[in-house]
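Peer 1: can't give you the sequence, but here's the structure:
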């Protein structure tokens, strides 16, 4: 998705939030504050440590684990062409560094969507029954 | 830490604790590998690819600086200098040149090699007086400098030969240029990491480069010792005199250090602060002798 599409998506979600009741808005913003992530933190975690911390930051545990394992193998075997693994994993992660703003915008939009769904989800029959 | 605390930890915090621990471990491992393998390997590759004019320049400038700031003309007699030069000429490494098939005569085997002496201009031996200092220096351009006190301390020619071989080891392994490249790589990396050169960063960079440089220097010294041990075995059948001259030099080093420490003059002269001896950046004598004995076939 390009930047404009992401901004339009965010705008649409904000309009949905504006339609919530005061009680629901309070609940929504409380959850959103806890869940949204900071793009600069993501970028720093990517830049300083190629150990997949930026993936863990977004909850992508498998990807983060792959990063750590590949890097560890590359470092341990650096004398035997392990440096190729390190270069490859760094090159793979580099585009993420440059696209960190877009990645986080997408992530935060998804968080907003999910939070809105939770807030506006109709009560189940168990919840309505006394 | 009680087990109840451990079991009560938020699973999310536990997960992040493990992730951060793993990341720190890997980062430390990476730093160690960069220090122990990447920088030396990169320095060696770069140093070997630099043109010889770089070594020439560096050597000439170093000699010029030393002559201006530290060294004085030698007090050795002309006869003694000539005698030592003749001795030195015997120890210059020779190169093996393989003859082309067209030049190989019927009387020579396929594996025959022709030995020729390297161009004598690559190696030169100079003598200087460095007051109260027994030292030998190998410059990047193949110049070896022996101080008058070093020559005085050596009890025989074999001991002087050992010192010369040690310095030749530095030249053969291109240690001067490698060290220059290593220091440059470390300084550049630190500058890139920290982003800008403020006073604190300059101090940190200098500290890091100096400490790693000393560590690499000690490795270089052991390499030069190995070269000298092999050459002593080749020329004299034993590296015993190498061990003997190291012992004599350490005794002189300690004596001079004690003399300076007991000096009652409160004014610190520049010479006091710049005390420089063959031993200041070398591994301990015990370590060196152990390595020499280890590498020597006659022990």
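Peer 2: The structure has been received and is ready for your questions. Everything numeric here is computed off the predicted structure, so don't read it as measured data.
Peer 1: Helix, strand, or coil at the residue of chain B found nearest chain A?
Peer 2: In chain B, the residue that lies nearest chain A is residue B:23 (4.3 Å; Cβ to the nearest Cβ). In short, each C-beta sits where N, CA and C put it, glycine included. Counting by DSSP: H, G, I helix; E, B strand; the rest coil, the backbone at residue B:23 sits in helix.
Peer 1: mind checking which helix or strand the nearest residue to it once chain neighbours are set aside is in?
Peer 2: Computed as Cβ to Cβ, 6 or more residues apart in numbering or on different chains, the closest residue to residue B:23 that is not its neighbour in sequence is residue A:51, at 4.3 Å. Of the helices and strands defined by DSSP states H and E, none includes residue A:51.
Peer 1: Need the pLDDT of residue A:51.
Peer 2: Per-residue pLDDT puts residue A:51 at 73.
Peer 1: Hmm, it is touching residue B:25, no?
Peer 2: No. Under the criterion of Cβ atoms under 8 Å, residue A:51 makes no contact with residue B:25, lying 9.2 Å away.
Peer 1: so what does the longest helix belonging to chain A touch, helix or strand wise?
Peer 2: Looking across chain A with DSSP state H, the single longest helix is helix A:100-120. Contact analysis of helix A:100-120 by 3 or more Cβ pairs under 8 Å, 6 or more residues apart in numbering or on different chains; DSSP states H and E lists helix A:3-18, helix A:22-35, helix A:39-48 as its packing neighbours.
Peer 1: Switch these over to TSV; also include mean neighbour count.
Peer 2: Shown next, in TSV, are the helices and strands packed on helix A:100-120 (neighbours: other Cβ atoms under 10 Å in any protein chain shown):
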stretch	mean neighbour count
helix A:3-18	13
helix A:22-35	13
helix A:39-48	17
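Peer 1: could I get those helices as TSV with distance to chain B and mean pLDDT?
Peer 2: Listed next are those as TSV, based on distance: least, Cβ to the nearest Cβ, whole Å; pLDDT from 0 to 100:
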stretch	distance to chain B	mean pLDDT
helix A:3-18	26	92
helix A:22-35	11	92
helix A:39-48	9	83
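Peer 1: Out of these, the one nearest residue B:10 is which?
Peer 2: Closest to residue B:10 of those is helix A:22-35 (Cβ to Cβ; 13.5 Å).
Peer 1: Okay, whatever residue of chain A ends up closest to chain B and residue B:24: tell me how far apart.
Peer 2: Proximity of chain A to chain B (Cβ to the nearest Cβ) peaks at residue A:51, 4.3 Å away. In this structure, residue A:51 and residue B:24 are 9 Å apart, going by Cβ to Cβ, to the nearest Å.
Peer 1: what packs against the helix or strand harbouring residue B:185?
Peer 2: Residue B:185 is part of helix B:175-194, with elements assigned from DSSP H and E. The contact analysis (3+ Cβ pairs under 8 Å, 6+ apart) places helix B:175-194 against helix B:39-49, helix B:52-69, helix B:199-236.
Peer 1: out of these, which comes closest to residue A:26?
Peer 2: Smallest distance to residue A:26 across the helices and strands packed on helix B:175-194 (Cβ to Cβ): 46.6 Å, for helix B:199-236.
Peer 1: So if I had to pick from residue A:51 and residue B:25, which one is more boxed in?
Peer 2: residue A:51 (26 against 13; other Cβ atoms under 10 Å in any protein chain shown).
Peer 1: Nearest residue to the residue nearest the centre of chain A in space, ignoring adjacent ones along the chain?
Peer 2: By Cα atoms, centre = their mean, chain A has its centre lying nearest to residue A:58, at 3.7 Å. Spatial nearest neighbour of residue A:58, chain neighbours left out: residue A:107 (5.8 Å); criterion: Cβ to Cβ, 6+ apart.
Peer 1: wait, doesn't that neighbour sit right on residue A:57?
Peer 2: No. Assessed by Cβ under 8 Å, residue A:107 is found out of contact with residue A:57, at 9.6 Å.
Peer 1: Where does pLDDT dip in the stretch 101-250 of chain B?
Peer 2: Within the stretch 101-250 of chain B, the segments meeting pLDDT under 70 span B:101-121, B:195-216.
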